[in-house]
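> Model the structure of this input:
(2 chains)
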Amino acid sequence: MTATTDRHTGQPVETVTCTIDEVEVTVPKGTLIIRAAEQVGIEIPRFCDHPLLEPAGACRQCLVEVSMPDREGNLRAMPKPQASCTMTVTPGMVVKTQRTSAVAEKAQEGVMELLLMNHPLDCPVCDKGGECPLQNQAMKNGRATSRFSDVKRTFPKPIQVSSQVLLDRERCVLCQRCTRFSEEIAGDEFIALQERGAQQQVGRFDEQVLDFAPPCGGHHGADEGASGPVSDGPADPALASSLRASGPVDIPLGIAQPDASGQPFASYFSGNTVQICPVGALTGASYRFRSRPFDLVSAQGIAEHDACGSAIRVDHRRGKVMRRLAGDDPAVNEEWITDKDRFAFTWQSAPDRITTPLVRTDGELRPASWVEALEVAAQGLAAARDDGGVGVLPGGRLTVEDAFAWSRFARTVLGTDDVDQRARVHSVEEAAFLAHGVAGTGVGVTFGDLEAAPAVLLAGLEAEEEAGVTFLRLRKAARAGTRVFSVAPFRSRGLARLDGTLLPSAPGTEADWLSTLATQAAGDLVPAGADRETLEDVAGALSQEGAVVLVGERLAGAPGAYTAALRLAEATGARIAWIPRRAGERGGVEAGLLPGLLPGGRPLHDADAREQVAAAWGVDPEALPQSTGLDLDGILDALSVGQLSGALVGGVELADLPDPEHARRALGAARFVVALEVRRTEATELADVVLPVAPPVERAGSYWNWEGRVRPFAQALDSSALPDHRVLDALAAQLDVDLGAAEPLAAHWAIAAFGAWTGPRADAPVTGASEPPAVGTGTAVLASWHLMLDDGALQDGEEHLAGTAKRPVARVSAVTAAGFDVFDGDLVTVSTDRGAITVPVAITEMVDHVVWLPTASRGCRIHDDLGARPGEPVRIAPAEKGVDA
Amino acid sequence: MTDMLTPVLTDTWDAESSWRLDTYLAHGGYEGLRAALAQDPSDIVQLVKDSGLRGRGGAGFPTGMKWGFLPPPDGGPRYLVVNADESEPGTCKDIPLMLASPQHLIEGVVISSYAIGCHHAFIYVRGEVLHVYRRLLAAVQEAYDAGYLGTDIQGSGFDLEVTVHAGAGAYICGEETALLDSLEGKRGQPRLKPPFPAVAGLYARPTVVNNVESVASVPGIVAKGADWFASMGTEKSQGHGLFSLSGHVTRPGQYEAPLGITLRELLDLAGGIRAGHELKFWTPGGSSTPIFTAEHLDIPLDYESVGAAGSMLGTRALQIFDETTCVVRAVSRWTDFYAHESCGKCTPCREGTYWLKQILHRILDGEGQPGDIELLLDLCDNILGRSFCALGDGATSPITSSIQYFRHEYEAYISGTATPPDPRLATLFDDEPQAPAAHAGAGGR
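Presented below is the predicted three-dimensional model:
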């Protein structure tokens, strides 16, 4: 990017030339002085300034002297020093910073002295000590000694803002970065400045300050301390008040200060405020007092928790990860990450890590040598291959290098196309959609494209929950005017913060909106009774240049939806992007970890494609599988009836699968199971051989994020653990096949061996919509998605983070609730013949006869507890009646 | 002597029920409005520009020019906001005006709104003055009932709604952008400029923020002409203004006179310094303007002359202190005020006033240290011109100016040789008790 072209349009932009400390600099018009100075390597000290936040001008640390030419061209000095973080450069401006101006230097020293005056100067016990902008800049731009001998202002401390974030008001310099982040970036206005003068503080919700009446049912926990959850039980006043709030309210599981609206603070992005705090005022509970920055070794990483590919920094000490921070990647995550990306890393060193290979003898798994385990596994797999075949379930969290190794192992060693990475609700239509529209398409829609888009339609995607950083970029876009539409059963808090428009839809019927919109955009006759005004509006918005349709993996549960989404994109000209939830899924699609799909989008049944793949893999094209294999459901069915003999399983949590019970029995029935896993899981307990593999922090690799962007990362910790591709390579070697994946670099180059596929793409899916199920008395259609923070295995061991997860509730409309005779906050039981879930009900403005539950939260796992998938009918009743029944 | 006075806004203050609409009408009220509605709005803007009226809230920015900064109409709303948050220590002109003759303000609001194309005006009144708030509400109701507000005002087709809003009592809300934030329901803190209120003010729409006295001066200008107004005052500080005398003066109160009158003349009108005492120091325009002493008695009280003498005309709040006043004590009290009222947004004002307050208290308590005076001056230098808005600047004025004129008093405290007068002598109840002369009404008459 050059200084003279616009990032999005590539158009030249108007520039301004000015002089800073006698250095001439040319920058785009509208550039702030402080940014222009950075361009020529001049650092002006600052606290409130942050390039991604709107200017505040509050700390006054960045004062400089400014002169500007008057109308006659004579240079005139401004009478006062100016804040360089709020003033834009003008032609001919002459700026003198602390380097060349005694006035600026004294002004900065004066402000610094004032900032330190009420600061506790407790650097030796402060987390920020050693990496603290206040400390560093005080050394660089401050007076050597303070003249303050009077009494400092003190505050009780710390305030526990949430179970994860603590606030020390004495250290705070009131730069407002955290409050501006909360307002401008995340949209969670949980803390705000209160009081005035020296008593001004970043405050929590305080009824006395705000003169609010206490919420009905009593006071809500502002001063309960760290004594436990805010409250429990059904008649939760905060839940009850969700009706009165402007939209759905989310309540965290753990302790939380009430936010600016009086609700307990719930944010998925609060960790960013800890990172951008220029002092040690905001600290994270998990890192507090644990280490000093100068003892840490940093490594660049990529977050493994979603498909965004956020850049992170992994800080470790003596072989242990101490914390993770957001990396700075303007093209992807800017400088923000989700709290899950930041705090959820202890799963990689959990006590149930598998450290040696395990082999089952006499029904028990016992530690074994690699030599023995590989031999047993290879023999067992070979036998199973020759006795009906082996199903391959690699899971959705692989690096691309691993994915290619898995794909090659399945096709060449096991000779099967029965491979499916999807450990979730899936469909044949989805596989066709991915083969047709995603695989091998390279970088498509980007984060930057979202920011520049005039309109974005979300379908089967709850951006905040399923792709957090994408949500932040959408919010940035929405604040700049992008219109957001979402096909969903209710307007979530996330959608509300995108100022988005809900296209209400019962789960499973998403295809209706998409297909009618496509019809509208194509100028064809829309069904009678359709909401013509909305259709025209949305179709018109999506027909604008640069519009985007974002589809999520949950469309697999809505027959015809992927088909309709492709039609909609074609009819409007909008670009389409697929955002899965797991980090490895896009890479897996590239590698061909779906039945019928070879690497790079090559169809299994295309002769040229087979030729190319066979050449790259060094096999005869005829040796590649001849017919399209089974998908996840098919593989499990085949295992359970003995059609398939063995299974090779990667990082798959059986409880995540659409029918966990069926999966358990299927793997139990398999004659031979090999599992590659980091930690003990249900799958490893059913395996005959378990081969341990390295978690991301102990290996190098790369993810492909949903954009299609390659996101390489280096190994952070020394480790003897092996990545999947090395284990598979060794396993293949046992069967005399060279997988070419023994070394990370070799594995990486193996990907490059495939050029772009220029042949015909797989056919687009042609699936019609299906009718929604009939709902009788006492039943409703189940809607569901994963919450970002839930019961997922990758969040294990981080209880501070778990405390900020949303409390599971059942959302139903008032009409639906009236049918079951439940009131807001009452416990309801949602049940199927398989089982039941009892949670509080939250009356929500939403589609009638639908009940929404989180997919896999604590005490609420719809697949495992109910055996149900979204779109299927479930029974719902008040808890007591449900228990009686 | 009283011919030095030019009662315009104060003309009816001594009338029976001066605050009633009937009284106002009987004295020629709303003639300016009738004249205004017959003219093109742009002509009124020009008229006010020609009159030389400058903002009476302290800064003295030309009112007509401020109106002229509004962008051309774009069909959306534009607002007039009247700053009636009079809070500057010593300033007591807008509150008596609204109490004694609120219709003056309301007529000014209608004319000003007509001139700038505003159909919804707001009057932001300081919340503590409940009696003024009530009177203003009643006066606005009277104006509605008589057709001076509402739709089709006086058959002109011009519509105007007026909302009277009571603030919650923060000095900072007298700063125009903090006032706008407060009016929008937010916490009152000054906004970053640009954008200026003329471009994006209330609810991000073009907005004019004018002081009560400025707006109330408009009807006279429209009724009697720009030349009439400009005939008063000096070349660059034209027109009449309210001078509020308070403190150790025989007859405190509001004196309406042409700009450029001197304190010596005003003191003559007010009966001089209280009997048996002599002038020690005074503020020309409230506590935020550097103090003057007896040597400044003949400085014309206009923007230029006061500025040239090292202070500011400010709000013409003349606080008079005689020799019974300990200047260090007075400055310490003012500094307490600024420390209490600092909004907290920017470092120099928030932290600086907190520190200044402690140093002054220490000096007063006999615990001053050598170097404290230099420290005070250096801190003031680090606050003045470094803070976000003018509040921080104002906080330094009493300190630097008092050290300039009375450095020896500070030194005496620090060296332990101070012999301050008994504070009770400075009160009006312990030293020859006098009946307070200034209720709402015509001081000097």
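> So which residues of the stretch 501-650 of chain A form strands?
Chain-ordered strands for the stretch 501-650 of chain A, with DSSP state E, counting those that start in this stretch as the definition, fall at A:501-504, A:548-552, A:575-579, A:597-598, A:602-603, A:646-649.
> tell me the most buried of those?
Comparing these by mean neighbour count (mean count of other C-beta atoms under 10 Å in any protein chain shown), strand A:597-598 ranks first with a mean of 31. For every residue, glycine as well, the C-beta is placed using N, CA and C.
> Against which helices or strands is it packed?
On a contact count with 3 or more C-beta pairs under 8 Å, 6 or more residues apart in numbering or on different chains; DSSP states H and E, strand A:597-598 meets helix A:428-437, helix A:607-617.
> Now render those helices as TSV, adding mean pLDDT, distance to chain B and mean neighbour count.
Compiled in TSV, the helices and strands packed on strand A:597-598 are given as follows (pLDDT from 0 to 100; distance: least, C-beta to the nearest C-beta, whole Å; neighbours: other C-beta atoms under 10 Å in any protein chain shown):
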stretch	mean pLDDT	distance to chain B	mean neighbour count
helix A:428-437	97	42	23
helix A:607-617	96	57	19
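> could you dump the ones you listed to JSON lines with distance to A:Phe148?
Formatted as JSON lines, the helices and strands packed on strand A:597-598 follow (distance: least, C-beta to C-beta, whole Å):
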{"stretch": "helix A:428-437", "distance to A:Phe148": "64"}
{"stretch": "helix A:607-617", "distance to A:Phe148": "71"}
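> A:Met112: which element?
For A:Met112, the element it lies in under DSSP states H and E is helix A:102-117.
> Show me which positions of that helix end up buried.
A:103-117 (16 or more other C-beta atoms under 10 Å in any protein chain shown).
> How about the residues of chain B by chain A?
Chain B comes close to chain A at residues B:170, B:172, B:187, B:189, B:192, B:339-348, B:350-355, B:358-359, B:362, B:369, B:375, B:378-379, B:381-383, B:385-388, as judged by C-beta under 8 Å from any C-beta of the partner chain.
> Out of these, which sit inside helices?
B:339-341, B:347-348, B:350-355, B:358-359, B:362, B:375, B:378-379, B:381-383 (DSSP state H).
> Give me the buried entries from the residues you listed.
B:339, B:341, B:347-348, B:350-355, B:358-359, B:362, B:375, B:379, B:382-383.
> how does chain B divide up, domain by domain?
Listed domain ranges for chain B are B:2-230, B:240-322, B:327-420 (source: automatic domain parsing).
> Establish whether the helix holding A:Met112 and chain B are in contact.
Yes - using C-beta under 8 Å from any C-beta, we find that helix A:102-117 touches chain B at A:Lys106, A:Ala107, A:Gly110, A:Val111, A:Glu113, A:Leu114, A:Leu115, A:Met117.
> for that helix, packing partners?
Using 3+ C-beta pairs under 8 Å, 6+ apart: helix A:102-117 touches strand A:63-69, helix A:133-141, helix B:347-364, helix B:372-383.
> hmm, the shortest one touching chain B?
In other words, strand A:63-69. Yes - for strand A:63-69 and chain B, the contact criterion (C-beta under 8 Å from any C-beta) is met by A:Leu63.
> Next, count neighbours for the one residue in the stretch 201-350 of chain B that gets nearest to chain A.
For the stretch 201-350 of chain B, the residue closest to chain A is B:Gly344, as judged by C-beta to the nearest C-beta, at 2.7 Å. Using other C-beta atoms under 10 Å in any protein chain shown, B:Gly344 has 24 neighbouring residues.
> And A:Val641, by the same measure?
When neighbours are counted by other C-beta under 10 Å, A:Val641 registers 10.
> Look up how far A:Ile635 lies from it.
11 Å (C-beta to C-beta, to the nearest Å).
> got the buried residues for the helix of greatest length in chain B?
Counting by DSSP H, the longest helix found in chain B is helix B:390-415. Residues of helix B:390-415 classed as buried: B:390-403, B:405-406, B:409-414 (neighbour count, 16+ other C-beta under 10 Å).
> Pop out the phi and psi values for the residue in the stretch 701-850 of chain A positioned nearest to chain B.
The nearest approach of the stretch 701-850 of chain A to chain B comes at A:Glu845, 25.2 Å away (C-beta to the nearest C-beta). The phi/psi pair for A:Glu845 (degrees, to the nearest 10) reads phi -70, psi 110.
> Count the neighbours of it for me.
15.
> wouldn't it be in contact with A:Arg811 here?
No - between A:Glu845 and A:Arg811 there is no contact under C-beta atoms under 8 Å: 9.6 Å.
> out of the helices and strands packed on helix A:102-117, which comes closest to B:Pro62?
strand A:63-69 (22.5 Å; C-beta to C-beta).
> low-scoring stretches of the chain, by residue?
Here I'm looking at chain A. A:1-10, A:190, A:204-249, A:255-265, A:880-885 (pLDDT under 70).
> wrong one, chain B
Scanning chain B for pLDDT under 70 picks out B:1-2, B:430-445.
> for it, what's the longest strand?
Taking DSSP state E as the criterion, chain B has its longest strand at strand B:240-247.
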